[in-house]
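Participant: Sequence first, predicted coordinates after that:
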Amino acid sequence: MKNAFNLYKRDYKGEETLYLNYYNKTNKRFRVSLRKATDCLKMNTDEALEFFKDKSLKEILAFVNRLEAMKNANKRVKNAEKQTHRIQSKITILQALKRFLALKIGLKQTSINSLENVFNSIFNVMGLKESDKLKKITQERISRYHEKTLKLYKKNTIHNLNANLRSFLAFCESELFINKNPYFSITLKNAKEAKAIDPFTLEEVKTLLENAPTLRLKAFLVVAFFTGMRTGEQLALTWEDIDFNQKTITINKSLNELGQITSPKNKPSVREVDLLEPVEKILKELQASEPENKKFVFIDMPKRSSVFQRHFKKLLKALNLKDRKLYTTRHTFASLMLSQGEEAMWVSKTLGHKDLNTTYKTYSHYIPKQDKERAKFIKGIL
């Protein structure tokens, strides 16, 4: 086989070129230029001839085939780079965002909607529209984004915006929608802190309940102030959830912003809370005024509604009380109970917190300091 070929030099386009001449098993003749092999070896024609003359035909062809494979691979890489460049030059922010959100498998629709709102805020700050090309998100825009968010938002909000933007751009880089992630972090030590929780005092709670214009609003506020339920959880309550015999309320669903009944926020949110005396009293009064077949406690049917929020705001204004969100009733429950010495664990479980750390992190300053002498039982042990 080694003798079934020969090497020779020949002029090609004014340049001396080395060729391989060989026959296959069927005696078919082949001629192969070794110009690329010579260039790859960085040899002149005579040096290449000297190099190959001691090689077998199999070795020479293997070398030539490797060079051809490398050429094809480089061609594929270049084609892929061209294709990537075409994608990067055309893809819009909206197209990339849809792909990003599509991977958020398992999230509720309300959570997806919240994420969309977050990104709307981000792109508005950047001065971009969803129809703009993704490549418009540059380091220069990120820099301006950081400057503006420090002026517009509180620290917690900025943390949330930054985390989502960073995650989105990392995804875009991994999908080759962009060559390099333009995001960079900054310190937030000078960012504005969120406003402290401003719950109602017990006297303000009494004033609100005494002046509620309707039984339904009064009942809603009593339940809100003395169970600490989230608004969506309270709106989803059915009469079946109220056990007047065992004096408990079962919380296992929530009414979302789309007017749909869904599971609560998280696993600890599914809970059973105590039916405290004022709550029991007002719910019995409300039930007596309702049709016997009415399913839900506070709404007629599941639908998105802000009626309680509107009436609450109107009542605050009429009583010259500081404007607050309806959700403040939840903070008020926690602050009142803890400040009056109720057990932190009971408050935490009633609120549906994941653990005591969540409760302490938000409400620890409402827990009164104990002045009593500690560990009296060990006095005189020595």
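Facilitator: Sure, I can see it.
Participant: and the nearest residue to residue 141 once chain neighbours are set aside, how many residues sit next to it?
Facilitator: For residue 141, ignoring the flanking residues on the chain, the nearest one in space by CB to CB, 6 or more residues apart in numbering is residue 126 at 5.1 Å. Every C-beta, even on glycine, is put in place using the N, C-alpha and C of the backbone. A count of nearby residues for residue 126, using other CB atoms under 10 Å, gives 20.
Participant: what separates residue 126 from residue 35, distance-wise?
Facilitator: Distance, residue 126 to residue 35, by CB to CB, to the nearest Å: 53 Å.
Participant: what do you get for residue 311?
Facilitator: From residue 311 to residue 35 the distance is 88 Å (CB to CB).
Participant: How about residue 48?
Facilitator: Distance from residue 48 to residue 35, by CB to CB: 9 Å.
Participant: Could I get the full set of helices for the stretch 101-250 of the chain?
Facilitator: Secondary structure of the stretch 101-250 of the chain (DSSP state H, counting those that start in this stretch): helices located at 109-126, 139-152, 155-174, 202-211, 215-227, 231-235.
Participant: Tell me which of the ones you listed lies nearest to residue 103.
Facilitator: For those, proximity to residue 103 was assessed by CB to CB; helix 155-174 is nearest, at 7.7 Å.
Participant: Give the buried residues for the host helix or strand of residue 100.
Facilitator: Assessed by DSSP states H and E, residue 100 sits inside helix 93-102. Buried residues in helix 93-102, counted by 16 or more other CB atoms under 10 Å: 93, 95, 96, 97, 100.
Participant: Which other helices and strands does that helix contact?
Facilitator: If contacts are counted by 3 or more CB pairs under 8 Å, 6 or more residues apart in numbering; DSSP states H and E, helix 93-102 sits against helix 109-126, helix 155-174.
Participant: give me the element residue 335 is part of.
Facilitator: Residue 335 is part of helix 328-339, with elements assigned from DSSP H and E.
Participant: now that helix against helix 215-227, angle please.
Facilitator: Angle, helix 328-339 to helix 215-227, by axes from the mean of the first three to the mean of the last three CA atoms, to 10 degrees: 40 degrees.
Participant: With just CA atoms, put helix 328-339 into PDB.
Facilitator: Taking Å, rounded to 0.1, in the frame of the first residue of the first chain, the C-alpha atoms of helix 328-339 are listed here in PDB:
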ATOM      1  CA  THR A 328     -52.000  47.700  57.400                       C
ATOM      2  CA  THR A 329     -54.700  45.800  59.300                       C
ATOM      3  CA  ARG A 330     -52.400  42.800  59.200                       C
ATOM      4  CA  HIS A 331     -49.500  44.800  60.600                       C
ATOM      5  CA  THR A 332     -51.800  46.200  63.200                       C
ATOM      6  CA  PHE A 333     -52.800  42.700  64.400                       C
ATOM      7  CA  ALA A 334     -49.100  41.700  64.800                       C
ATOM      8  CA  SER A 335     -48.200  44.900  66.600                       C
ATOM      9  CA  LEU A 336     -51.200  44.900  69.000                       C
ATOM     10  CA  MET A 337     -50.800  41.300  69.900                       C
ATOM     11  CA  LEU A 338     -47.000  41.400  70.500                       C
ATOM     12  CA  SER A 339     -47.100  44.700  72.400                       C
END
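Participant: Which is the succeeding secondary structure element to it?
Facilitator: helix 344-351.
Participant: After that following helix, which helix or strand is next?
Facilitator: Immediately after helix 344-351, counting by DSSP H and E, sits helix 356-363.
Participant: Need the overlap of contacts for residue 48 and residue 35.
Facilitator: Contact with both residue 48 and residue 35 is made by residues residue 18, according to CB atoms under 8 Å, 6 or more residues apart in numbering.
Participant: related to what we said a few turns ago, and the buried residues of helix 93-102, which is closest to residue 178?
Facilitator: residue 96 (8.6 Å).
Participant: So which elements touch whatever helix or strand residue 273 lives in?
Facilitator: Here residue 273, judged by DSSP H and E, is contained in strand 271-274. Counting contacts by 3+ CB pairs under 8 Å, 6+ apart, strand 271-274 packs against strand 248-251, helix 344-351.
Participant: and of those, who's closest to residue 215?
Facilitator: Smallest distance to residue 215 across those (CB to CB): 18.6 Å, for strand 248-251.
Participant: And that closest one, what's buried?
Facilitator: Counting neighbours by 16+ other CB under 10 Å, strand 248-251 gives 249, 250, 251 as buried.
Participant: element containing residue 287, please.
Facilitator: Residue 287 is part of helix 277-288, with elements assigned from DSSP H and E.
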